[in-house]
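S.K.: Below: sequence and its predicted model.
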Amino acid sequence: MQLGAPPPAAAAAAAAVWRAPTFEARRAADARELLAALLPPSPTVRQVQQAHARLAVLGLAASRAMPHLLAVLPRLLPDKPRHRGDDGGGDGDHYAYPLALFRRANSTSAFASNNLLRVLPHPLPLTLFSRFRRRNPHSFTFLLASISNHLNAAGPSASACSFLGSHVHALAVKAGAAGDLFVRNALVHFYGVSGDVGAMRRVFDELPRVRDVLTWNEVLAGYVRTGMMTVAREVFDEMPVRDEISWSTLVGGYVKEEELEVALGVFRNMVEQGVRPNQAAVVTALSAAARLGLLEHGKFVHNVVQRSGMPVCMNVGAALVDMYAKCGCVAVAREVFDGMRRRDVFAWNAMICGLAAHGLGRDAVELFERFISEGLSPTNVTFVGVLNGCSRSGLVAEGRRYFKLIVEKYRIEPEMEHYGCMVDLLGRAGLVPEAIELIEGMHIAPDPVLWGTILSSCKTHGLVDLGVSVGNKLIELDPTHSGYYVLLSGIYAKANKWDEVREVRKLMSSRGTSKSAGWSLMEAHGKVHKFLVGDTYHKDSVQIYDTLDMINKRLTEAGYVPDVSSVLHDIGEEEKVHAVKVHSERLAIAYGFIVLEAGSPIRIVKNLRVCGDCHEFIAGNADELTGVKQVQRRIREAGCEVLRVDHAGGMEEGHAKHGRADWG
């Protein structure tokens, strides 16, 4: 047999019609051998039909070839409902070809029957199962897989049909197939997907000797799926053999349950034990590092990818771009992005959103235009990124234009995040009345976060009366949200209305609402250190405060005057100065001076907005005295960078829902 080389799998999948290679077939050749020569590794239905036609032309499409054609068919998806008058006939037409193959095959063959069960979606396998004359244990495996796939895809809405799996279980027991390893694995998987961990565990415990690593992995995945991480960890620790899927499942479970540092620790342990991580584990670990803003952990994962020789596919590339951008290394994120051979919309979105989050709005807009020029279709997230970039860079005209394009050109229904970006854009520009008009004209009910953005703008621009009105409205809408009380207090404090500040604080206290505690995280030598305001619990607390005193002394000698406007209490100036001097980010900076080498970056992750004085303490201002600038330059030359990362409910000023990040 002389074969031409088939095209790459990716190109074959993208092509509308794949041209089969020319060859001279031996009539004695096995059907499987012929199909292997005619088809790419992952064929489409269309390509299988072309191969079938080629066999028919050569006179080789005998009934014995039909089961092998069924075997290479991809699993079919359920038909979408068609409207009357559509071309293509009824809903069953999509399955006519595999059914025709089955009829042409030897229908008494269990091989043909099982492959038909494999390719047809729920509920067709259940309908056909009773008509099969020949079955074997694999028949129950494919039948359970059909139900499990349906449950997995449809989620809770499919729970009503989960009893069908129990019925198949009973049939397998009656047929004497329930002791087969593959059937048991399919049963464990079915009960895990359906959420019945009790039945899953009973199947697992019934025959301890009929298990393999897949059985253990399915039980582990079942507990992870239901959020039972304590039990999942016990199962993981008991496993006699673990593979990369075992580790990946555990890492993913901890990320799902927001135990991000634990997930990163499991990933590191996996690597240290010599297990080569799969792409799922890498992407999940990068996601955890990104959400925590922990660069050292993210770099460790990247190094693992490079050392293992894992190809940077689109999923891994997008996760790397997202991680570096969220950890403050936007330049490195851009290097990874530019180095990707192929990019999907997720990679573009990560890069556009990363540029926007770092205030590089014009770069985000330019990248968006390049994205469009390459013929790609933007998603909701794409527009969140580009609008956020416009907001942070004050590009009001561009933001208005892109907001119109969402509906007028791309037919995307604006979501709360898009409105949030526009309200933020207009509010930052001082166009608060226009922002309010936009909210009042929304096609969906505005959430309190949008009004919180208006409240923040009122504070920024000194709109006391409007801020008081909006603040009181917000407190009535959501009396448990501490950020609204804090913003309203800030507006009163800015106007020196201290009696009103006290009233807001009393109201906040009477309703059992307290201000979110600010914290800062800092990485040093592979460990994460957490600081609270005025923290004295760190083991090096004495050294930290000595170093901080040294920094404050040098700034004071250079003429630096603290900005205490963020202290919303009617107390003396000296007490206010002390209050801002012990903010958590300053403690983290001082600790960085102690433990890191000169020139090493000090990267800090915060859950709340950096106050004005800490911003000046770290970044400085062009109008400051030369001596102050010199001291601050020395701080920055030591590598200090402060990054605020918004965690759910963690912001004072009402933007947490829109997932923005600010440089300090």
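M.R.: Here it is on my side, so go on.

S.K.: show me the contacts for residue 97.
M.R.: Taking CB atoms under 8 Å, 6 or more residues apart in numbering as the criterion, residue 97 is in contact with 45, 49. In this view, the C-beta of every residue, glycine as well, is placed from N, C-alpha and C.

S.K.: Got the confidence number for it?
M.R.: In this prediction, residue 97 carries a pLDDT score of 87.

S.K.: Give me the next element, helix or strand, following the helix or strand containing it.
M.R.: Taking DSSP states H and E as the definition, one finds residue 97 inside helix 96-104. Reading on from helix 96-104 to the C-terminus, the next helix or strand found by DSSP H and E is helix 110-119.

S.K.: Show me what that following helix is packed up against.
M.R.: Based on contacts counted as 3 or more CB pairs under 8 Å, 6 or more residues apart in numbering; DSSP states H and E, the elements that helix 110-119 packs against are helix 66-72, helix 96-104, helix 124-129, helix 137-154.

S.K.: hmm, try it at 6 Å
M.R.: The elements that helix 110-119 packs onto, with contact taken as 3 or more CB pairs under 6 Å, 6 or more residues apart in numbering; DSSP states H and E, are helix 66-72, helix 96-104, helix 137-154.

S.K.: export these to a markdown table and tack on distance to residue 364?
M.R.: What follows is these, written out as a markdown table (distance: least, CB to CB, whole Å):
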| stretch | distance to residue 364 |
| --- | --- |
| helix 66-72 | 45 |
| helix 96-104 | 47 |
| helix 137-154 | 35 |
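
S.K.: Quick one: closest of those helices to residue 303.
M.R.: The closest approach between residue 303 and any of the helices and strands packed on helix 110-119, judged by CB to CB, belongs to helix 137-154 at 33.7 Å.

S.K.: Can you tell me which helices and strands the closest one packs against?
M.R.: Checked by 3+ CB pairs under 6 Å, 6+ apart, helix 137-154 has helix 110-119, helix 124-129, helix 163-174, helix 181-194 packed alongside it.

S.K.: So for it, what gets flagged as buried?
M.R.: 137-151 (16 or more other CB atoms under 10 Å).

S.K.: repeat for stretch 411-422
M.R.: Under 16+ other CB under 10 Å, the buried positions of stretch 411-422 are 412, 414, 416-422.

S.K.: what's the answer for stretch 437-456, then?
M.R.: 438-439, 446, 448-456.

S.K.: just checking, which of these belong to helices?
M.R.: Members of the buried residues of stretch 437-456 lying in helices (criterion: DSSP state H): 438-439, 448-456.

S.K.: pLDDT weak spots in the chain?
M.R.: Across the chain, the stretches falling below the confidence threshold (pLDDT under 70) are 1-29, 79-93, 106-108, 154-162, 512-516, 560, 562-580, 619-664.

S.K.: out of the helices and strands packed on helix 137-154, deepest packed?
M.R.: Taking mean count of other CB atoms under 10 Å as the contact definition, the stretch among these with the greatest mean neighbour count is helix 181-194, which reaches a mean of 25.

S.K.: Show me the helices in the stretch 301-450 of the chain, by range?
M.R.: Counting by DSSP state H, counting those that start in this stretch, one finds helices in the stretch 301-450 of the chain at the ranges 314-326, 330-339, 345-357, 361-373, 380-392, 396-408, 416-428, 432-440, 448-460.

S.K.: Take the ones you listed and write them to CSV, including distance to residue 33.
M.R.: Rendered in CSV, the data for the helices of the stretch 301-450 of the chain read as follows (distance: least, CB to CB, whole Å):
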stretch, distance to residue 33
helix 314-326, 34
helix 330-339, 41
helix 345-357, 39
helix 361-373, 45
helix 380-392, 47
helix 396-408, 53
helix 416-428, 54
helix 432-440, 66
helix 448-460, 62
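
S.K.: who wins for proximity to residue 117 among these?
M.R.: Nearest to residue 117 among the helices of the stretch 301-450 of the chain is helix 314-326 (30.4 Å), distances taken as CB to CB.

S.K.: And that closest one, what's buried?
M.R.: Neighbour counts using 16+ other CB under 10 Å place 315-326 of helix 314-326 among the buried residues.

S.K.: Mind giving me the packing neighbours of it?
M.R.: Taking 3+ CB pairs under 6 Å, 6+ apart as the contact definition, the neighbouring helices and strands of helix 314-326 are helix 279-292, helix 330-339, helix 345-357.

S.K.: picking that back up, what's the closest of the helices of the stretch 301-450 of the chain to residue 540?
M.R.: If you check each of those against residue 540 by CB to CB, helix 314-326 wins as the nearest, at 27.8 Å.

S.K.: between that closest one and helix 345-357, how big is the angle?
M.R.: With axes from the mean of the first three to the mean of the last three CA atoms, to 10 degrees as the basis, helix 314-326 and helix 345-357 are set at 10 degrees to each other.

S.K.: what residues does helix 314-326 touch?
M.R.: 279, 282-283, 286, 289-290, 293, 298, 332-333, 336-337, 340, 342, 344, 346-347, 350-351, 354 (CB atoms under 6 Å, 6 or more residues apart in numbering).
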